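1. Test case, fold it:
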Amino acid sequence: MVRLITHNLLACHVGGCNSNNFPLEFKDVQIELREAEFNADFVRAFLPKIAWKALVDTARQLGDTSLPDEQPTMIDDEFLKNLHHVLLEIHVEEGVMICPNCKHNFPISNGIPNMLLAEHEIG
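-> This next block holds a predicted model:
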């Protein structure tokens, strides 16, 4: 399933598409919010792995404005709960992810992204 925790790690891997290939842009998406058990330690531990600007921009593209522009230096429970919500509770069920560089489309169906490439698209 496409959650923003996963999306924040995905980049286009079409042959020759080596720059400006992250983050993939969403288009024509259907979103479902699914409650997930909050684990502050997990969210705190994942924080260093996040491409912050990409996450905030993507969340806003999907209608969530709960995260600040800049990653805060003081981490409190409210921030961790907002981050948990964005990373783990926003599910993209249908739509397309598009590479900002080569414009390749990666379809999402039933919450599963198709990241497979045709043979001629592999570098």
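
2. What segments of this structure are strands?
-> 2-3, 25-33, 90-98, 105-109, 112-113 (DSSP state E).

3. Switch those strands over to CSV; also include mean neighbour count, distance to residue 51 and mean pLDDT.
-> Using the backbone N, CA and C atoms, a C-beta is placed for each residue, glycine as well. As requested, the strands of the chain are arranged in CSV below (neighbours: other C-beta atoms under 10 Å; distance: least, C-beta to C-beta, whole Å; pLDDT from 0 to 100):
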stretch, mean neighbour count, distance to residue 51, mean pLDDT
strand 2-3, 20, 15, 96
strand 25-33, 13, 14, 97
strand 90-98, 19, 15, 98
strand 105-109, 16, 18, 97
strand 112-113, 15, 17, 95
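
4. To residue 61, which of those strands lies closest?
-> Among these, strand 25-33 comes nearest to residue 61, with 6.0 Å by C-beta to C-beta.

5. What strands flank the closest one, and is each parallel or antiparallel?
-> Here strand 25-33 has these sheet partners by DSSP bridges: strand 90-98 (antiparallel).

6. tilt between the partner strand and strand 105-109?
-> Counting by axes from the mean of the first three to the mean of the last three C-alpha atoms, to 10 degrees, strand 90-98 lies at 150 degrees to strand 105-109.

7. ok so, going back, so which of the strands of the chain is nearest residue 82?
-> strand 90-98 (11.5 Å).

8. Can you list the neighbours in contact with the closest one?
-> 1-4, 7, 10, 24-34, 59, 62, 64, 104-111, 113 (C-beta atoms under 8 Å, 6 or more residues apart in numbering).

9. Switch the strands of the chain over to JSON lines; also include distance to residue 48.
-> Formatted as JSON lines, the strands of the chain follow (distance: least, C-beta to C-beta, whole Å):
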{"stretch": "strand 2-3", "distance to residue 48": "18"}
{"stretch": "strand 25-33", "distance to residue 48": "24"}
{"stretch": "strand 90-98", "distance to residue 48": "21"}
{"stretch": "strand 105-109", "distance to residue 48": "26"}
{"stretch": "strand 112-113", "distance to residue 48": "24"}
